[in-house]
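Asker: give the three-dimensional model of this entry:
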Amino acid sequence: MLEEHLQVARLTRALASHLLERATITARYLGLGVTEVRALEQLYLSGPMTLGDLGSSLALTSGSVTALVRRLQTKELVLREVDRDDRRKVWLSLRPDKVEWFLEPYQSTIAGGQMVVA
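Answerer: Numbers count the residues shown, from 1 in each chain. Here you go, the predicted model:
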């Protein structure tokens, strides 16, 4: 039983390492930082998120999220909207006109995955 848990831990670590390597390659390609890429990935996969939820999903402090969002806004990659019902909530989303640009470096990975599944 212990060996099975260790194997799962090894595989999880290998996957995390691969994902970080992929984010680093993508960041270089897009001219962004790794945390910026991870944030855009999260927004793409999850859809609009509050700043707090984004921070939690990336394990960032509120100050780090504020700085991250500022960088993403300056680069015109995200939309920041105040919640209509609760003005204390701020929603962040990947700009629709940036989705294709953001997905471009993933196309070879997606194509490779489709070949494996087919």
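Asker: for stretch 92-101, what does the pLDDT average out to?
Answerer: Averaging pLDDT along stretch 92-101 gives 97.
Asker: and that stretch, what's buried?
Answerer: Neighbour counts over stretch 92-101 (16 or more other C-beta atoms under 10 Å) mark 92, 94-95, 98 as buried. For every residue, glycine as well, the C-beta is placed using N, CA and C.
Asker: next one: stretch 61-70
Answerer: Using 16+ other C-beta under 10 Å as the test for burial, stretch 61-70 gives 65, 68-69.
Asker: okay, those residues in CSV with pLDDT, secondary structure and distance to residue 49 next?
Answerer: Shown next, in CSV, are those (pLDDT from 0 to 100; DSSP: H, G, I helix; E, B strand; the rest coil; distance: C-beta to C-beta, whole Å):
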residue, pLDDT, secondary structure, distance to residue 49
65, 96, helix, 10
68, 97, helix, 12
69, 97, helix, 11
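Asker: excluding covalently adjacent residues, which one is nearest to residue 58?
Answerer: Of all residues not flanking residue 58 in the chain, residue 38 sits nearest, at 5.8 Å (C-beta to C-beta, 6 or more residues apart in numbering).
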